[in-house]
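# can't give you the sequence, but here's the structure:
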């Protein structure tokens, strides 16, 4: 079955992980060595082919300067590719395509402006007037993990922390969180390869359950008395449709779990693989803000975002045609030595380039500041409460997820 990013599957790459040994040629985003360490491949493209065309025709941008320019270029749109499963042609056929067409990442123009303004106002007001108590959640979870001695930091610390925080911000009752969390993992198939008809059907069912669940919360003031949901109640009739409100609530919920828990776990993974810097953080927990920013730059949970060419244009002497797909590899931009000489070095004391992990401009992540705070507080609490933390595996395993860099697990110990 064709998926929204199936054009990546035609790429091929050599097995070597060394930049000097990564040969020229098409790249396979599903190749095992790439999944475990994509950065040498990005480095070769930045040096030798910053505008790369895949075997299937997608254009891949890897340099920070090009990506910044592309993010601001109105000739590149956000709608799904014409042949994607979630594209407009399938809106009346598949619920996942209908939901994609309602959500901020896939919208441009006046509708995007209205939706983003509506959600940004509710979101920022909620965080200003009733911010979540991230630290209390983090210390509770750290105590539970310390008592176990050995645990999966992703599933037993990062994920429950992310669920608790986004649940508090949106106003999702505790009793509804497990079911909504189970469905949230399917929401991210809107942004990556749909591997089968079965997964597409599961995604369709999940997005409809998410819409129904958030619909009940939006309709019942007793079910969600506070949070972003309560602040949005009644607003949809005047500005946007009820379905657009519900589907973007599902987006905030899913993104507030899937990318945040991955960002937290990845931060610990990279720090624990640099033990001197982990010890430095434990000795001076006030470094946590700088450490969080550096971790999110060095190991971004989102690898790239897609765009579609809206009109013929020239870039680096190459002709990009209307309807072609463009990939903006944010993770590569974060490591671009052409913009900062130390970009490929991990250093929580440094002042490296600002990260593009959450995008830039009108389509940047609404929840970026909250996500940074969650990573920062998680690191500070762990540095204070779990300084003996160490990895139980030599090299953590990463999931095979096109476009995302998510750990499969992060087994650790405080013994």
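Thanks, I have it. No experiment lies behind these values; they were computed from the predicted model shown. Numbers count the residues shown, from 1 in each chain.

# isn't residue 364 up against residue 355?
No - using Cβ atoms under 8 Å, residue 364 is not in contact with residue 355; the gap is 11.4 Å. Placement of C-beta: from N, CA and C, glycine included.

# more neighbours, these two?
residue 355 (19 against 13; other Cβ atoms under 10 Å).

# find residues that contact each of residue 364 and residue 355.
Between them, residue 364 and residue 355 share no contacting residue under Cβ atoms under 8 Å, 6 or more residues apart in numbering.

# okay, and the beta partners of residue 61?
Beta-bridge partners for residue 61, by DSSP bridges, are residue 51, residue 328.

# run a quick neighbour tally on the residue nearest to residue 149 when sequence neighbours are not counted.
Spatial nearest neighbour of residue 149, excluding adjacent residues (Cβ to Cβ, 6 or more residues apart in numbering): residue 415 at 5.1 Å. Neighbours of residue 415 under the rule other Cβ under 10 Å: 9.

# residue 182 too?
11.

# A helix includes it, no?
Yes - Residue 182: assigned to a helix according to DSSP: H, G, I helix; E, B strand; the rest coil.

# next SSE downstream of the helix or strand bottoming out on mean pLDDT in the chain?
None of the helices or strands of the chain scores lower by mean pLDDT, DSSP states H and E than helix 236-239, at a mean of 62. Reading on from helix 236-239 to the C-terminus, the next helix or strand found by DSSP states H and E is helix 242-272.

# quick one, helices of the stretch 151-300 of the chain?
Taking DSSP state H, counting those that start in this stretch to define them, one finds helices in the stretch 151-300 of the chain at 153, 159-170, 177-187, 197-219, 227-232, 236-239, 242-272, 275-283, 288-298.

# just say which of the ones you listed is most tucked in.
helix 153 (a mean of 29; mean count of other Cβ atoms under 10 Å).

# need the residues that contact that one.
Under Cβ under 8 Å, 6+ apart, the answer for helix 153 is 145, 265, 268, 410-412.

# give me that answer again for 10 Å
141, 145, 159, 261, 264-265, 268-269, 272, 378, 382, 386, 389, 391-392, 396, 407, 409-413 (Cβ atoms under 10 Å, 6 or more residues apart in numbering).

# which residues touch residue 306?
Per Cβ under 10 Å, 6+ apart, neighbours of residue 306: 4-5, 58, 76, 78-81, 84, 105-106, 191, 325-328, 403.

# among those, which lie within strands?
Counting by DSSP state E, the contacts of residue 306 place 76, 325-328 in strands.

# now neighbour count and pLDDT too, for those residues, in a markdown table please.
Listed next are the ones in strands among the contacts of residue 306 as a markdown table, based on neighbours: other Cβ atoms under 10 Å; pLDDT from 0 to 100:
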| residue | neighbour count | pLDDT |
| --- | --- | --- |
| 76 | 23 | 95 |
| 325 | 24 | 91 |
| 326 | 25 | 94 |
| 327 | 25 | 93 |
| 328 | 24 | 95 |
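
# pick the one among these closest to residue 346.
Checking those against residue 346 by Cβ to Cβ gives residue 328 as the nearest, at 22.7 Å.

# who's in contact with that closest one?
Taking Cβ under 10 Å, 6+ apart, one finds 59-62, 66-71, 76, 304-307, 356, 359-360 in contact with residue 328.

# apply 7 Å and report the result again.
61, 67, 70-71, 304-305, 307 (Cβ atoms under 7 Å, 6 or more residues apart in numbering).

# wasn't residue 412 part of a helix?
No - going by three-state DSSP, the assignment for residue 412 is strand, not a helix.

# now it: how far from residue 299?
16 Å (Cβ to Cβ, to the nearest Å).

# the more surrounded of those two?
residue 412 (28 against 24).

# flag the shaky bits of the stretch 151-300 of the chain, pLDDT-wise.
235-238 (pLDDT under 70).

# if we go to 80?
223-224, 234-239 (pLDDT under 80).

# correct me, but residue 204 touches residue 98?
No - between residue 204 and residue 98 there is no contact under Cβ atoms under 7 Å: 9.2 Å.

# mind giving me CSV with the helices of the stretch 151-300 of the chain and columns for distance to residue 135?
Supplementary listing: the helices of the stretch 151-300 of the chain in CSV, determined by distance: least, Cβ to Cβ, whole Å:
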stretch, distance to residue 135
helix 153, 17
helix 159-170, 10
helix 177-187, 20
helix 197-219, 26
helix 227-232, 19
helix 236-239, 33
helix 242-272, 14
helix 275-283, 16
helix 288-298, 11
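
# list just the one of these that sits closest to residue 93.
Here helix 197-219 is closest among those (Cβ to Cβ), at 9.7 Å.

# contacts for the closest one next, please.
Under Cβ under 7 Å, 6+ apart, the answer for helix 197-219 is 1, 85, 94-96, 99, 172, 176, 179-180, 183, 186-187, 189, 194, 223-224, 229, 232-233, 243, 245-247, 249-250.

# what does stretch 365-382 give?
Under Cβ under 7 Å, 6+ apart, the answer for stretch 365-382 is 119-120, 123, 127, 134-135, 138-139, 142, 161-162, 165, 169, 252, 255-256, 259-260, 263-264, 267, 281, 285, 288-289, 291-293, 295-296, 358-359, 389.
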